[in-house]
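Q: What follows is a predicted protein model with its sequence.
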Amino acid sequence: MKYREPSLTPYRFVGNICAKHPELEGLRLKSNRNCIGCSKERWRVWWEKNKDYDRKNKALNARKWRERNPGKNAENIRKWAEKNPGAVLENARQNKRAIRRQAIAKLFKKELVSFYDGRPEGCHVDHIVPLQGKKVCGLHVPWNLQYLSAKENREKGASFEVS
Ligand SMILES: [Zn+2]
């Protein structure tokens, strides 16, 4: 492990200097008052011991499920997607980088999905304030959405006037 300059975050405090990690100058976790260095070491040991077990188990369980349900996984996904077009669109949107950074978008997922589901024939869902505007960036939240016709949407582009 590379040595990194110890730094204070809201989760750390400076307490008694650990005998094993004097270079950390007493940096400890607020949650359990343990030395940062010792915590990292314990975590590394646990990970070494468990990573294989965990990975193997997951892979094994997934394979067993596929064997019991041949062809079902893909079929289920397809069926679900057919029934939930709004959710499919919203999932794709939540995966976009600009939106992934917005934790708030997840809070309103239900409302967002129903907004997409409720859009009139031939209309696009538009962000009133664009997500990546030149001067301001809008949020992916229900109150920043509107329905636009395809033509209106093209004309608007990603512009937003800031006065
Ligand atoms: Zn320590």
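A: Thanks, I have the structure now. Residues are numbered from 1 along each chain as shown.

Q: got a list of what the most centrally placed residue in the chain touches?
A: With distances taken as Cα atoms, centre = their mean, R100 lies nearest the centre of the chain, 5.1 Å away. By Cβ atoms under 8 Å, 6 or more residues apart in numbering, the contact list for R100 reads Q94. The C-beta positions use only the backbone N, C-alpha and C, and glycine is treated the same way.

Q: likewise A74?
A: Contacts of A74 by Cβ under 8 Å, 6+ apart: none found.

Q: just L27 next, same as before
A: P6, L8, R12, F13, V14, C35, I36, G37 are the contacts of L27 under Cβ under 8 Å, 6+ apart.

Q: Show me which of those are buried.
A: R12, C35, I36, G37 (16 or more other Cβ atoms under 10 Å).

Q: Which one of these is nearest to C18?
A: C35 (3.7 Å; Cβ to Cβ).

Q: quick one: the closest one and R28 touch, right?
A: Yes. Using Cβ atoms under 8 Å, C35 is in contact with R28, at 5.6 Å.

Q: Looking at the spatially most distant residue from the centre of the chain now. What's its pLDDT?
A: What lies farthest from the middle of the chain is A19; by Cα atoms, centre = their mean that is 38.3 Å. Confidence at A19, expressed as pLDDT, is 94.

Q: quick one: it and G26, what's the gap?
A: A19 is 11 Å from G26, where distance means Cβ to Cβ, to the nearest Å.

Q: so what sits against both of the two?
A: Contacts common to A19 and G26, judged by Cβ under 8 Å, 6+ apart, are absent.

Q: Next secondary structure after the lowest-mean-pLDDT helix or strand in the chain?
A: Taking mean pLDDT, DSSP states H and E as the measure, the helix or strand of the chain with the lowest value is helix 97-100, at a mean of 72. Once the chain leaves helix 97-100, the next helix or strand it forms, by DSSP states H and E, is helix 103-107.
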